[in-house]
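# coords below, sequence missing:
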């Protein structure tokens, strides 16, 4: 009734609010923890280094290794689904394919603790992908009303009766995650729109939008609380947001070619990155990680060791640079005072008035390193040599790091790599044109955009995220240009990062466009040799069990034999429904006679009984035990079928079938012979029914 | 073949480029013309006013009336489809409903010249809606390879063979229009996504994105050319972009309630605006404008007269305000020097050191007025009384202006109204809390967002546009909040502005969600009493003519009678195809015997022959003349049908049918009886066909 509708709508909005608050707080917790661990680490290392470099290295390595070990230990022993970024799996889930365990409560906890360890432990990865996954987990738990296993149980929240509502919530969670990770509310909405979901409904847009705004307010409130020094080291370093509004406001035409070049470099390096990580992930998946958890732990610790040694050792080999002239550049504080954050890190420098440019980016938290790379008006802070060394090393580190069993995101490494070669190109442009208004920080930003574009192949959402994190709208057309080129170049070589990873994991993501050869095929061709498994309306329990055991289809057409000998396709029944029916046994009947009483269903089952729980593994046919007597009984499937699944004639072009699947987010389509009769033709105007029709038609349909 | 595919893709991108350049240049031309006309007008009026107020008023009124007259004259006599904003019609076109004439070449010209006249003539309307229409017209003309009627003919561009490609181009054109109008490239993309199209394909996103970036570069280039003084008055006033980056960066919690109040006011006033314009438009449509073009011209001139007198007369009745203390506020130039643009207009002031606050917003171009309303750090520039008078007057003017026969946009009036009450609320907050960091300009911006949200009910795109035009990302969460509230409040009362206007014009736009009562209906219910009109495969010409004359359906199912007496629904034929066939007469045959030769079609017709020309009115059955002998002949329709239209079983839920229509952008769906047999079941995995299948299946389908 009306009251139920209002309650339902209110719950929807409440959920959107809760997801926003939860995700915002998670992002805050992760950031505070990471910044504090990093702060303690660097302060301890710097303090000990004054006495002995070797002791400093040992402390640094041990600190990192401990954090990484805790992360990989949690992931392997407690929450295996928390490894990696989670975005490919989420894309799969929202595309209609469930990966076991990705939305469990333990995955949420593993993801939060794991990314604190892996990011705090100085690995070449970011916390943004995991935050998206965190948001999705929160959304899923909220939608389920908690997790029964962990005694978190809000029964009154359990109003969501169907899969679609659940998926909507997860979409909202993904958007909230991006909004929280980058403090980019519009970027979050667009990310959910462009990258995560395969289909989209505009009423959802509205709620996604609301959640993103809530996240922004929560994060802002938490940060203003920290501004008074309540959060330790957090606050001076800060949340991910790299304000480069001091950068170039304008650009000249001769700058377009180096920018285009950035796009090409980004496309090439991004595609190479995708390919290398694909090979390595495939090797890990098929060989290395099959050897057990111990191998995963050793691998992660080894990667941590390599990372620590490189980021500590390489700056040692660089010679320090004298600070810029304090008279000419009064704004620059060089070298950086101890216990502070920022540019001009002094590290193994002989004189007081020097800084180590490689340490400035390598021996730092990722967020600060990016801020330093993007920094504007810092007159040749970095030597080309240091940038080049950093880029090569960090690229290789990022490649070997992705795929170890810790939560990991690809945004921050991508931004670091891109910003480095961007700054290199910027230095080239400055030395070529010798103009004052060319800023290396701006090129670093464009480089970052180009690498992300070349690797992830996102367009609008990435563009908006870049603008939101740098807070500089003037660069928008340039970012667009660079993204266009880098995506086009990357697309020549391979698929986007997430698509490749999803493919590797066997997640059958449907691309946005049907393949070209599908034009020549019909729906019948897609069926191949598969024999379709039907049920009759009245099916014997033993037959149902046999069918469910013999294949792993998720949907079965149901065909009724009419008294006059003809048959009629009455709908589709889902495996999950059959399993619930088999378990409850309440509808078993002794004789194969069709009942006519649809009313009883609503009494015996509440609609939620049929919803597959998102955050547990769900029923399996092996969990159900039936006596021989029960196996002899019958089940009338008609009350439980979906009576109108989408249908296509068998000679329909496969391209059209594909579009139907994609646009409506379907999981099953019935293929039927070409009809011999026609009832009518519906046009757009027929669907603009006047409200008046409502009542008469309701009567019609109720008397029918 | 492969070469053709490359050519096709290249043409698509070339079109995107051309649309971007064309729309950017059109926007530039309109802006330069408007700024210059306004500049001359105000300078002349101010000069004459020094001698006589009355003479000044007469010059001002005549100048405005001349411009408005030229606009309404062009529209009524030359391009009737150029009246109004064009966005409802474009939404309809992209939704699948053609409105005659909206994409003609003459409409383009009428739109450009007409909006120069109407905006330059000082009416309470904007040039943004018309620019969207301009972009769409350019896109359509490019896609058609020019307009034959006006001897613009690029034959080599005519490669677009289907409606879908045409519609994609128009979508791109709409996005380009927004990008050019607001200099908001991302906003343009999102506007096309959220507001204009009903469905969306991600490969299109990519091209829309490119076009928006091109527009941004073109506009920027043109403006930097103008910066050297090449464009007369243009350049000092400038393109639409109201930089309020000097405004509030932060907000306190106690400011949330006045902001929420802004949202509520915006929702109420926006809904009222929609309702008032709806009544007035309906009266105009049904009564006033039926009386002929002369009435339209008189009406427009009368509105112009009222607007001129009010904007000249009301400031005369206000007393001037003393300028702010130049010692405390050294940045403020007050009063404004003559021949300049900006704040603190001196108008009927007794002393040198005074300004007229009402003239600052009323006696100015809309762009400058908005800039003045948004202006920050201008310490109580406006009195509450002036703002209130302006708001009431301008609201009424905007209501009576919308619907007169000139090109008109609703963005700028909406921003003006909203900014005014926003500033009023801002003044209230300042006087309540007496804090220095509360800025009236920021409240003006939020007010503008709230009114647009309450009237147009856009969310993400409007939010991004507001951020892009004000260049202040920090306000994003606040804008989101205000939009959420104002849309929610507005939705209580009525539909969005464009939806209402489309409804009034009889454009059957499908809303994004099916109506609630549709759940209880089935596809059969939507057919109502309509008898479906079929054709047999072999139809007599006289029968076809009779059917086409007797109704105005656009699609007809075709049913074949098989030799064994059974029937088979072989597809759907479009009215436009039948008209082409009747006109060409090449396929008429003497006997009702089915041919079997599909090959001949491709010889006799190129695919473009069947495409309905977008920018002309198309064939009508009355244009076709057939002899009695020809009427006796037969036509085999099979080669021309669409063999696989989407079909639904007659008892499918109408909600599902609705979603099918909406998501796939369909125009016809066949309703068929529930199938008795099943060929198979397609799942997601079946659609992930390996490339290997390609070759074998191609053979299969060719031997079939």
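Done, it's in. Because the structure is a prediction, the values reported are computed rather than measured.

# May I have the predicted confidence score for the residue nearest the centre of chain A?
The C-alpha lying nearest the average C-alpha coordinate of chain A belongs to residue A:87 (C-alpha atoms, centre = their mean; 2.7 Å). For residue A:87, the pLDDT comes out at 90.

# Which residues are in contact with residue A:481?
Contacts for residue A:481 (C-beta atoms under 8 Å, 6 or more residues apart in numbering or on different chains) come out as A:256, A:259-260, A:263, B:213, B:217. (Glycine included, C-beta is placed from N, CA and C.)

# Now restrict those to buried residues only.
A:259-260, A:263, B:213, B:217 (16 or more other C-beta atoms under 10 Å in any protein chain shown).

# could you dump the residues you listed to a markdown table with secondary structure, distance to residue A:356 and pLDDT?
Shown next, in a markdown table, are those (DSSP: H, G, I helix; E, B strand; the rest coil; distance: C-beta to C-beta, whole Å; pLDDT from 0 to 100):
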| residue | secondary structure | distance to residue A:356 | pLDDT |
| --- | --- | --- | --- |
| A:259 | helix | 30 | 90 |
| A:260 | helix | 33 | 92 |
| A:263 | helix | 31 | 95 |
| B:213 | helix | 39 | 84 |
| B:217 | helix | 40 | 83 |
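
# Max pairwise distance over the residues you listed: which two?
Greatest spatial distance in the buried ones among the contacts of residue A:481: A:263 and B:217, 14.5 Å, computed using C-beta to C-beta.

# how deep is residue A:517 tucked in, by neighbour count?
Residue A:517 is flanked by 16 other residues according to other C-beta atoms under 10 Å in any protein chain shown.

# any idea how far chain B is from it?
For residue A:517, the distance to chain B (C-beta to the nearest C-beta, to the nearest Å) stands at 4 Å.

# What of residue A:265?
In terms of C-beta to the nearest C-beta, residue A:265 sits 19 Å off from chain B.

# Thought residue A:424 was touching that residue, still the case?
No - assessed by C-beta atoms under 8 Å, residue A:265 is found out of contact with residue A:424, at 9.4 Å.

# so what sits against both of those two?
Among the neighbours of residue A:265, those also in contact with residue A:424 (C-beta under 8 Å, 6+ apart) are residue A:447.

# Out of the contacts of residue A:481, flag the one nearest to residue B:273.
Closest to residue B:273, out of all of these and judged by C-beta to C-beta, is residue B:213, at 33.7 Å.

# Tell me which residues touch the spatially closest residue to that closest one that is not a sequence neighbour, please.
If the residues on either side of it in the chain are set aside, residue B:213 comes closest to residue A:480, at 3.9 Å by C-beta to C-beta, 6 or more residues apart in numbering or on different chains. Residue A:480 sits next to A:463, B:185, B:209-210, B:212-213, B:216 when contact means C-beta under 8 Å, 6+ apart.

# could those residues go into TSV alongside distance to residue B:329?
As requested, the contacts of residue A:480 are arranged in TSV below (distance: C-beta to C-beta, whole Å):
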residue	distance to residue B:329
A:463	39
B:185	35
B:209	43
B:210	45
B:212	39
B:213	40
B:216	35
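
# still on that earlier bit, thought residue A:134 was touching the residue nearest to the centre of chain A, still the case?
No - applying C-beta under 8 Å, one finds residue A:87 not in contact with residue A:134, separated by 11.7 Å.

# Okay, now the unreliable bits of the stretch 451-600 of chain A?
Per-residue confidence for the stretch 451-600 of chain A (pLDDT under 70) gives these ranges: A:528-530, A:594-600.

# In it, what residue spans correspond to strands?
A:535-536, A:538-540, A:555-561, A:567-574 (DSSP state E, counting those that start in this stretch).

# Ok, chain A next?
A:146-147, A:152-153, A:321-322, A:354-355, A:535-536, A:538-540, A:555-561, A:567-574, A:634-636, A:647-649, A:668-672, A:680-683 (DSSP state E).

# what pLDDT, on average, does the second one get?
I take that to be strand A:152-153. Averaging pLDDT along strand A:152-153 gives 54.

# Output the below-cut-off pLDDT ranges for chain A.
Where chain A drops to pLDDT under 70, the residues are A:1, A:145-162, A:197-202, A:234-250, A:339-341, A:378-379, A:436, A:528-530, A:594-619, A:689-704.

# the longest helix in it is where?
helix A:2-49 (DSSP state H).

# tell me which strands and helices that one is in contact with?
With contacts defined as 3 or more C-beta pairs under 8 Å, 6 or more residues apart in numbering or on different chains; DSSP states H and E, helix A:2-49 has these neighbours: helix A:53-77, helix A:105-120, helix A:128-144, helix A:163-182, helix A:202-225.

# Report the distance from the last one to the chain centre.
For helix A:202-225, the distance from its own C-alpha centre to the chain's C-alpha centre is 18 Å (C-alpha atoms, centre = their mean, to the nearest Å).
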